[in-house]
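> need the 3D shape of this:
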Amino acid sequence: MAELLLVRSGNAGDPVTETFDLELDGLQRFIGSRPLHYLGVDLPPIGETSRVSEFAGPDHVVVNLRAAETDGLGVDDPGYYVVEGLLPADVTEAVA
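Numbers count the residues shown, from 1 in each chain. Here you go, the predicted structure:
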C-alpha cells in the first residue's frame, strides 16, 4: 500500500498533517496525469519556511512509494514524490 501525505511547507517539526494508505488503483485516481517530482527516500522540507509554518495547514500532497508501486505510476525510484497540481483540499474533500 502506498501512502498519500498532506504536508506543510517549510521546516515544521512534524510537516505531515495527515496520512492516507491507498491501494495503487486508488492512488492512480487521485494523481491522474499530474506530474510527480522526486524528493528522495527521506521527506525533505518543501517550499518556503516561515515563522508560522508549524501552525499552518498543509500546502502539498506527497506520495510515498515502495519499489513494487513505482511501475504502476510510471516512476523509476521508490521514495517520496510531490504531486504537482493536487491540493490537500482536493484530497480531504474526496475522502470525506
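
> touching, Thr70 and Pro78? I think so.
Yes. Thr70 lies in contact with Pro78 (CB atoms under 8 Å); the separation is 5.9 Å. All C-beta atoms are positioned from the backbone trio N, CA, C, and that covers glycine.

> centroid-nearest residue for this structure?
Val62 (0.9 Å; CA atoms, centre = their mean).

> what sits up against the host helix or strand of it?
Following DSSP states H and E, one finds Val62 within strand 60-65. Residues outside strand 60-65 that contact it (CB atoms under 8 Å, 6 or more residues apart in numbering) are 2-9, 27, 30-31, 36, 39, 43, 46-47, 73, 75, 78-83, 86-88, 90-91.

> ok now that strand, how far from the chain's centre?
Its chain's C-alpha centre and that of strand 60-65 lie 2 Å apart, by CA atoms, centre = their mean, to the nearest Å.

> what helices or strands is the very next helix or strand once past it leaning on?
Later in the chain than strand 60-65, the nearest helix or strand by DSSP H and E is helix 70-73. Counting contacts by 3 or more CB pairs under 8 Å, 6 or more residues apart in numbering; DSSP states H and E, helix 70-73 is packed against helix 24-31.

> tell me which residues in the helix or strand of the chain with the lowest mean pLDDT are buried?
Least confident helix or strand, the chain: helix 88-95 with a mean of 85, by mean pLDDT, DSSP states H and E. By 16 or more other CB atoms under 10 Å, the buried positions in helix 88-95 come out as Pro88, Val91.

> against which helices or strands is it packed?
strand 2-7, strand 16-22, helix 24-31, strand 60-65.

> for Val95, find the nearest of these.
Of all the helices and strands packed on helix 88-95, it is strand 16-22 that lies closest to Val95, at 6.4 Å by CB to CB.
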